[in-house]
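**Q** need coordinates for the following:
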Amino acid sequence: MNVRAARDFIFHLTGPHYKPNHCTEADLTLEESNSNLINPHYTHSTTTLSTLPPELIELIFSFLSPLHAPKYTRLNRRINECLSTPHFALENLSHTVPKPIPTNKTSTRILTSYDRAWFVWPKQYQEAYARGWLRDARKLEWGSNKISGVIPSTIGALTGLRSLLLHDNWLHGRIPAQIGLLKELEELYLNDNSLSGEIPKEISGLYLKLLILFRNCLSGSIPSSLGRMQSLVYLDLSSNLLSGSVPVEICRLSNLQYLNLSANQLSGRIPAEMSNLKELQVLDLSHNKLEGSIPAGFGSMRNLVCLCLHANCLSGAVPIDLFGLEQMELVLLLTGNQVFLEYDSAGIVARSRVFALLQEFEVNEATDVVHGLPDRGVIFYADI
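**A** Predicted coordinates:
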């Protein structure tokens with residue numbers, strides 16, 4: 001049986017629902033029901049197929065769209081064995097999916113129906129597709145596309161990837177450790193999904209500038225190894241189920257400008273070493289179980305414009321030098337704690353200044369998690 005005969009055979013097997021190789025991608029959908037995929041009038045033909053050599057069975061089915069071919073494994077055990085091999089997956093993809101046209105290294109890959117299927121395909125398809133069709137990708141900006149499934153472990157084959165944006169989808173499962181193989185990756189957006197499990201330590205070996213994981217179901221402690229990521233400028237792990245203490249190693253991220261660990265289950269004290277983050281502009285540790293006092297060194301963080309410590313178990317005196325930051329753009333949220341102002345011999349001046357600001361400017365009682373830089377303005381709100 002030659003290739004043409006094989007294609008004719010599968011056409012008669014599947015009837016009018018078969019889409020030949022020259023069909024457009026728009027004609028291929030994931031929503032076709034099983035009744036549309038398997039013609040019940042060809043039961044005898046499937047029995048005949050089972051008696052053919054495995055290589056011929058693979059050849060016949062390899063001309064089906066790979067969006068549908070894996071479903072034919074349900075016909076019987078022998079066909080399942082033939083269609084579940086890495087060889088068949090590669091042959092099926094090669095016969096039906098055109099290779100992407102090489103583009104410049106800064107271009108963004110547009111999401112296709114095959115890209116979407118990558119997240120739900122059997123593993124042998126995921127491996128073949130990653131190595132043959134996605135390997136040269138530089139940017140996968142696939143956020144807000146209702147992608148479901150898990151992040152394939154074969155993502156580690158995309159070694160040239162610089163931006164991976166999968167935010168605001170329907171992804172679940174763990175973040176694969178193989179992401180640590182993407183040595184050129186600079187941006188990783190996985191926020192607003194249902195990802196679970198721990199943050200893989202392998203991420204710490206990357207030279208990321210932005211690591212955005214908020215609004216997931218991540219658990220466990222924050223890996224101390226994140227402190228090795230000296231290129232990090234933006235780190236957001238908020239709105240997860242992270243527990244344990246704030247690792248002091250994070251205070252080594254000398255280039256960090258934005259740090260958000262809010263809305264987790266973090267406990268213990270705020271590391272005093274956090275005042276070493278001289279480039280930090282936004283620090284949000286709100287809605288946790290942090291205790292102890294506010295580190296006195298925070299008043300030396302001259303670039304700080306937003307300090308959110310509300311909804312914790314903090315106590316003690318508020319460092320008075322927080323109210324003397326020169327840039328006069330500090331948003332300070334301390335509600336839901338048991339803190340107070342402590343005055344020294346110059347306390348009368350400090351006291352009048354604080355209350356004057358409270359009276360002159362609108363009081364901001366917001367308790368929402370902050371995910372970006374605040375608007376300019378002077379707002380001091382201390383529930384003391």
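**Q** what about the helix or strand containing Leu235, distance to the chain center?
**A** Under the criterion of DSSP states H and E, Leu235 resides in strand 234-236. Put simply, strand 234-236 sits 12 Å off its chain's centre (Cα atoms, centre = their mean, to the nearest Å).
**Q** what comes into contact with that strand?
**A** The contact list for strand 234-236, computed with Cβ atoms under 8 Å, 6 or more residues apart in numbering, reads 191, 209-214, 226, 250, 253, 256-260, 371. (C-beta placed from N, C-alpha, C; glycine too.)
**Q** for the next helix or strand after it, output the C-alpha coordinates as PDB.
**A** Next helix or strand after strand 234-236 toward the C-terminus (DSSP H and E): strand 241-244. Written as PDB, here are the backbone C-alpha positions of strand 241-244 (Å, rounded to 0.1, in the frame of the first residue of the first chain):
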ATOM      1  CA  LEU A 241      -0.500  29.500  49.800                       C
ATOM      2  CA  LEU A 242       3.200  30.100  50.600                       C
ATOM      3  CA  SER A 243       4.200  29.500  54.200                       C
ATOM      4  CA  GLY A 244       7.300  29.800  56.400                       C
END
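**Q** show me what strand 241-244 is in contact with.
**A** Residues from elsewhere that reach strand 241-244, judged by Cβ under 8 Å, 6+ apart: 199, 217-222, 261, 264-268.
**Q** derive a ChimeraX selection command for the buried subset of these.
**A** In ChimeraX, this line selects whichever of those come out buried by 16 or more other Cβ atoms under 10 Å:
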select :199,218,222,261,264,266
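**Q** strands paired with the strand holding Leu235, and their directions?
**A** Here strand 234-236 has these sheet partners by DSSP bridges: strand 210-212 (parallel), strand 258-260 (parallel).
**Q** quick one: strands adjacent to the helix or strand just after the last one?
**A** Just to be clear, that refers to strand 258-260. Once strand 258-260 ends, the next helix or strand along the chain (criterion: DSSP H and E) is strand 265-269. For strand 265-269, the paired strands and their directions (DSSP bridges) are strand 241-244 (parallel), strand 289-292 (parallel).
**Q** can I get the ones you listed in JSON lines including mean neighbour count and distance to Ala177?
**A** Below are those laid out as JSON lines (neighbours: other Cβ atoms under 10 Å; distance: least, Cβ to Cβ, whole Å):
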{"stretch": "strand 241-244", "mean neighbour count": "16", "distance to Ala177": "18"}
{"stretch": "strand 289-292", "mean neighbour count": "16", "distance to Ala177": "29"}
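**Q** quick one: which of those strands is nearest Glu184?
**A** strand 241-244 (27.3 Å; Cβ to Cβ).
**Q** so which of the strands paired with strand 234-236 is the most surrounded?
**A** Mean neighbour count, computed with mean count of other Cβ atoms under 10 Å, is highest for strand 258-260 among the strands paired with strand 234-236, reaching a mean of 24.
**Q** the closest residue to Asn92 other than its chain neighbours - how many residues pack around it?
**A** Nearest residue to Asn92, sequence neighbours excluded (Cβ to Cβ, 6 or more residues apart in numbering): Ser62, at 4.5 Å. When neighbours are counted by other Cβ atoms under 10 Å, Ser62 registers 24.
**Q** and the gap between Ser62 and Arg135?
**A** 21 Å (Cβ to Cβ, to the nearest Å).
**Q** quick one, phi psi at Cys313?
**A** phi -120, psi 40 (degrees, to the nearest 10).
**Q** phi, psi of Lys139?
**A** Phi and psi for Lys139, reported as degrees, to the nearest 10, are phi -130, psi 120.
**Q** per-residue pLDDT, Asn39?
**A** What the model reports for Asn39 is a pLDDT of 48.
**Q** for the stretch 101-250 of the chain, what are the low-confidence residue spans?
**A** 102-106 (pLDDT under 70).
**Q** quick check: Asn216 touching Ser196?
**A** Yes. Using Cβ atoms under 8 Å, Asn216 is in contact with Ser196, at 7.3 Å.
**Q** quick one: pLDDT of Asn337?
**A** Asn337 carries a pLDDT score of 86 in this model.
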